[in-house]
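# Let's see this in three dimensions:
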Amino acid sequence: MTMYNRYTIINGKPRWIIVDENGNIINESPTKEELKSLEVEPHKIKRKGQSWTKKRIIEVIIQSYEETGRVPTEDDFKHNPNLPSDYTVYKYFGYLGNAIKEAGLLEKRYNPTHSCDRCRKNFNEVERLGKTPVREYDDKGNWTRKWDCPACWEKYSSNSKTNIMKSIGDRRTGNLDPNSPSAKGDKGEELLCRWKRYTNLNKKHDNYTIRRDCLDEDIGLYYQAKIASYDHTYKRWPHDFRNLQNSIWLGFRFKSLFLFCISEDGKRIERIYEIPEEEVIKGSGISIVKYRTSGLLYKNGWYEQYMFKDEEELKKVNEIWQRIINEN
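Numbers count the residues shown, from 1 in each chain. You can find the predicted model right below:
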């Protein structure tokens, strides 16, 4: 039996696996030595000598759906000799989704009803909100053949419970690694609320998936808080905006984002920035550099207009920060 290496998605995570010549999975968790001893699976497989046209490709996609009860995936086009190769589909349609759409099967990609197998919510609404359906896995990591909306996936999927539901439970109980991103993020929210006397919405509603972190109840405006420790290797504080941009696209608006830049040992707030929402929309993130060169100054220097320069305020924030880290 001939075996190959294949780079694919297993339980929602990309990894190298071992397959046989028919594409069947032999080993989902091979060692480096096992991988080195095998060749990478050939991208192209021998087809049956058909001459493909756009019309013929659409006919075969419809036929495959009628025979199997599901819309063929990219993996099917790569490994099923009865289908055109994925390269052929891209050649004629530019994108697999275009071929599925022209075949009239766009709303049957996930299941015949194009809806969540748990709550029956139509996936058109889910995708309109910037989300995508997710495969549900059992306790052994096997796909249950169900497609869930993101909310039901968090509730029912074993894969989700391992990564999300447990994390949420740990946040509620305070049972987090103090150096983990979630723990730092929670401390950043608490710091902002104590400093500005805002309401911590996660605590108030016992909801740690809520997008609106903090609320100024006096004027009814929402704020986001992010915190990052100093990266000694690159001499920077990196901040990612993408989750916040998703929130904006879903309709969860906020007035501004507070960035707390902490020292490498996590014991001191070295800088604070308040960046308006309209600036967050413009980029995927920023790296605030501690020691600037002329080049870095040109790239990142304009963020300095949003930095708090009041030393008394910074001192006040650090006093609050010390109380927070000493509580944990």
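
# Could you break the chain into its assigned domains?
Recorded structural domains for the chain (assignment: automatic domain parsing) are 3-115, 116-175, 176-327.

# Quickly, which of these bottoms out on average pLDDT?
Ranked by mean pLDDT, the domains of the chain bottom out at domain 116-175, with a mean of 73.

# Now do the SS call for Arg70.
coil (DSSP: H, G, I helix; E, B strand; the rest coil).

# List the contacts of it.
Counting by CB atoms under 8 Å, 6 or more residues apart in numbering, Arg70 touches 108, 111. All C-beta atoms are positioned from the backbone trio N, CA, C, and that covers glycine.

# what do you get for the one 4 residues further on?
In this structure, Glu74 makes contact with 86, 96, judged by CB under 8 Å, 6+ apart.

# Pop out the phi and psi values for it.
Note on Glu74: its backbone torsions stand at phi -60, psi -40 [degrees, to the nearest 10].

# Likewise for the one 3 residues further on?
When quoted as degrees, to the nearest 10, the phi and psi of Phe77 stand at phi -70, psi -30.

# again, but for Val19
Backbone torsions of Val19, given as degrees, to the nearest 10, read phi -130, psi 160.

# Met3 now?
Backbone torsions for Met3, taken as degrees, to the nearest 10, come to phi -130, psi 150.

# Look at stretch 254-268 and report the distance between its end residues.
One end of stretch 254-268 to the other measures 27 Å (CA to CA, to the nearest Å).

# Report the buried residues of it.
Within stretch 254-268, the residues that count as buried by 16 or more other CB atoms under 10 Å are 254, 256-262, 266, 268.

# Figure out how far that stretch is from the centre of its chain.
How far stretch 254-268 lies from its chain's middle: 22 Å, per CA atoms, centre = their mean, to the nearest Å.

# For Arg118, which non-adjacent residue is spatially closest?
Cys152 (3.8 Å; CB to CB, 6 or more residues apart in numbering).

# what's the spacing between the one you found and Ser287?
36 Å (CB to CB, to the nearest Å).

# Kindly report the same for Thr199.
31 Å.

# same check, this time on Asp75
Where Ser287 is concerned, Asp75 sits at a distance of 37 Å (CB to CB).

# now Asn179
20 Å.

# quick one, which of those two is more surrounded?
More neighbours surround Ser287 than the other of Asn179 and Ser287, with 16 against 9 (other CB atoms under 10 Å).

# Quick check on that one: phi, psi?
Backbone torsions of Ser287, given as degrees, to the nearest 10, read phi -120, psi 110.

# partners of it in the sheet?
Pro238 (DSSP bridges).

# show me what contacts it?
Ser287 makes contact with 234, 236-239, 300, according to CB under 8 Å, 6+ apart.

# Out of those, the closest to Phe123 would be?
Distance to Phe123 across the contacts of Ser287 (CB to CB) is lowest for His239, with 32.2 Å.

# what about the closest one, how many residues close to it?
When neighbours are counted by other CB under 10 Å, His239 registers 21.

# Go ahead and confirm it touches Val289.
No. His239 is not in contact with Val289 according to CB atoms under 8 Å; the separation is 12.0 Å.

# re earlier: need the buried ones from the contacts of Ser287 selected in ChimeraX.
The buried subset of the contacts of Ser287, as determined by 16+ other CB under 10 Å, is captured in ChimeraX by this line:
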select :236,237,239
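
# Check the contacts of Ser287 and tell me the two furthest apart.
Across the contacts of Ser287 (CB to CB), the longest gap, 13.1 Å, separates Tyr234 and His239.

# Go ahead and flag the most central residue of this protein.
In the chain, the C-alpha nearest the mean C-alpha coordinate belongs to Asn243, at 8.1 Å (CA atoms, centre = their mean).

# Please report the distance of that one from Gly185.
For Asn243, the distance to Gly185 - CB to CB - is 10 Å.

# what does Glu59 give?
Distance of Glu59 to Gly185, computed by CB to CB: 51 Å.

# What of Tyr303?
In terms of CB to CB, Tyr303 sits 20 Å off from Gly185.

# Give me the next element, helix or strand, following the helix or strand where Lys203 lies.
Using DSSP states H and E, the element containing Lys203 is helix 201-205. Next along the chain after helix 201-205, taking DSSP H and E as the criterion, comes strand 214-216.

# Relative to that following strand, what are the paired strands and their orientations?
strand 199-200 (antiparallel), strand 221-229 (antiparallel).

# the strands in the chain, which residues?
3-10, 13-20, 25-27, 134-137, 143-148, 199-200, 214-216, 221-229, 236-240, 256-262, 269-276, 285-289 (DSSP state E).

# To Glu107, which of those lies closest?
Of all those, it is strand 143-148 that lies closest to Glu107, at 12.4 Å by CB to CB.

# What residues sit buried inside the closest one?
146-148.

# And those, which is closest to Pro133?
Using CB to CB, Trp147 comes nearest to Pro133 of the buried residues of strand 143-148, at 4.6 Å.

# How about that closest one: which residues does it bridge to?
Counting by DSSP bridges, Trp147 forms beta bridges with Arg135.

# which residues touch it?
Trp147 touches 110-111, 116-117, 123, 133-136, counting by CB under 8 Å, 6+ apart.
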